[in-house]
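[1] Structure of the sequence below:
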Amino acid sequence: MANRNFRQRLKEYKRSPLSGLLFLLVCISAFIAVAVLIFLIIYILYHGIPNLTLPGLFAWEYNSENVSMMPAIINTVIMTALSLAMAVPLGVFSAIYLVEYAKRGNRLVKLVRITAETLSGIPSIVYGLFGYVLFVITLHWGYTLLSGAITLAIMILPLIMRTTEEALIAVPDSFREGSFGLGAGRLRTVFRIVLPSAVPGILAGVILAIGRIVGESAALIFTAGTNPVVPDSLFASTRTLSVHMYALMSEGLYTEQAFATAVVLLVVVIFINALSGFVAKRLATDK
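    Okay, the predicted model is just below:
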């Protein structure tokens, strides 16, 4: 069966050389992209795994002898939780208003969508400078956990809002009409029918946001600082895994430990994506 399909496709490409050329370019592009990704992963693992020393890199306290990444791991979890706690509710509720309550074709809605898409493409260093000017200097918060978390929340807000909006739009109108026909109000329809059906799409946006938070360094250097300790309050300076790796590389004395940090960061991102994908599949299966 596979050989027959391949022969039929080969005959089609012989009739249309341009289609064959485009198919070849697509295959080459896919191969290059996968090859580059595999090379980067192997390169990081090759240089990082031999330098994963216990208990040095995983000691509870950081010092110049062990340059432990454990405080950075804890700080990454705290920073991610704070940023999502601020950005997810605001982004989801904003998307609900744009899709379910605002009039379709409204110019304001179009303007908000264009603005959100534009903000999603702005480099993170710009958000870092914005957070530095507003929170660090103007509000006199200094380099703190709160400054970094709010800056990251602002940075991922357009992403969560747009992905949630697309997930809500993908829900068939028949779901809403059926709920209205049974006498349910708009609010009950949104939270009992529409929103649960859009959970897999919303979760996909949250996954992307988590990946961006975990891998972010430029915005946090200007707002949260580089203090390698677990903060005892929201107004204490701190550093995440990505900032920790950047600091080790920039000093030039701990290159091997920086590669080890890169391995841990890679494992964390893969674990988060795998866990979130598993949850999304389970939610889709349950429905």
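
[2] ok, so what distance separates residue 217 from residue 88?
    22 Å (Cβ to Cβ, to the nearest Å). For the C-beta atoms, the positions are set from N, CA and C on the backbone; glycine is no exception.

[3] and what of residue 213?
    Look at residue 213 and residue 88: by Cβ to Cβ, they are 12 Å apart.

[4] Of these two, give the one with the bigger neighbour count.
    Shown here are residue 213 and residue 88; by other Cβ atoms under 10 Å, residue 213 has more neighbours (27 against 20).

[5] just checking, the more buried one touches residue 83?
    Yes: Residue 213 is within contact range of residue 83, at 5.5 Å (criterion: Cβ atoms under 8 Å).

[6] Find the residues that touch each one of those two.
    Both residue 213 and residue 83 are in contact with 152, 156, where contact means Cβ atoms under 8 Å, 6 or more residues apart in numbering.

[7] Now do stretch 267-282, average pLDDT.
    Mean pLDDT, stretch 267-282: 77.

[8] Now find how far off-centre that stretch is within its chain.
    12 Å (Cα atoms, centre = their mean, to the nearest Å).

[9] now swap in stretch 87-104 and tell me
    20 Å.

[10] next one: stretch 77-90
    12 Å.

[11] cool, stretch 122-132 as well?
    On Cα atoms, centre = their mean, the centre of stretch 122-132 falls 16 Å from that of its chain.

[12] do the same with stretch 248-256
    26 Å.

[13] for stretch 150-167, same thing?
    10 Å.

[14] Torsion angles phi and psi at the residue lying closest to residue 225 once chain neighbours are set aside?
    Spatially, and ignoring its direct neighbours in sequence, residue 225 is nearest to residue 143 (3.1 Å; Cβ to Cβ, 6 or more residues apart in numbering). Dihedral pair for residue 143: phi -80, psi 100, per degrees, to the nearest 10.

[15] Also the one 3 residues further on?
    When quoted as degrees, to the nearest 10, the phi and psi of residue 146 stand at phi -70, psi -40.

[16] so what's it closest to, chain neighbours aside?
    For residue 146, the spatially nearest residue (Cβ to Cβ, 6+ apart) is residue 234, at 4.2 Å.

[17] which stretches of the protein aren't confidently modelled?
    For the chain, the stretches flagged by pLDDT under 70 are 1-17, 280, 283-287.

[18] what's the domain layout of it?
    Residue ranges for the domains of the chain, per automatic domain parsing: 2-51, 56-286.
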